[in-house]
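**Student:** Coordinates only, no sequence provided:
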């Protein structure tokens, strides 16, 4: 469905793609943090865990953005786009 010239289905899929990428980076940060800690690099491990937490926040915001698509679609001005 398009709203104001935006394909909302495609928008949701693109947000899902970003989320998949962030999920992978979060897993890498988590694994690397434990590897660093196991090797005695406590500060590095702590920083990587902090980065992991920030990536969790990013994923939560992406979920909120997906939830907002429908609300914003309903509140849109109803611009009509015509093929010329």
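**Tutor:** Nice, I can see it. Computed from a predicted structure; not experimentally measured.
**Student:** any low-confidence regions in this protein?
**Tutor:** Across the chain, the ranges flagged by pLDDT under 70 are 1-4, 76-84.
**Student:** one more time with 80
**Tutor:** 1-6, 73-84 (pLDDT under 80).
**Student:** so where do the helices sit in it?
**Tutor:** 8-38, 42-75 (DSSP state H).
**Student:** Does residue 49 touch residue 31 like I think?
**Tutor:** No: Residue 49 lies out of contact with residue 31 (CB atoms under 8 Å); the separation is 11.2 Å. Every C-beta, even on glycine, is put in place using the N, C-alpha and C of the backbone.
**Student:** neighbour count winner among those two?
**Tutor:** Taking neighbours as other CB atoms under 10 Å, residue 49 and residue 31 compare with residue 49 leading, 17 against 12.
**Student:** So for that one, what's the nearest residue that isn't a sequence neighbour?
**Tutor:** Spatial nearest neighbour of residue 49, excluding adjacent residues (CB to CB, 6 or more residues apart in numbering): residue 33 at 4.8 Å.
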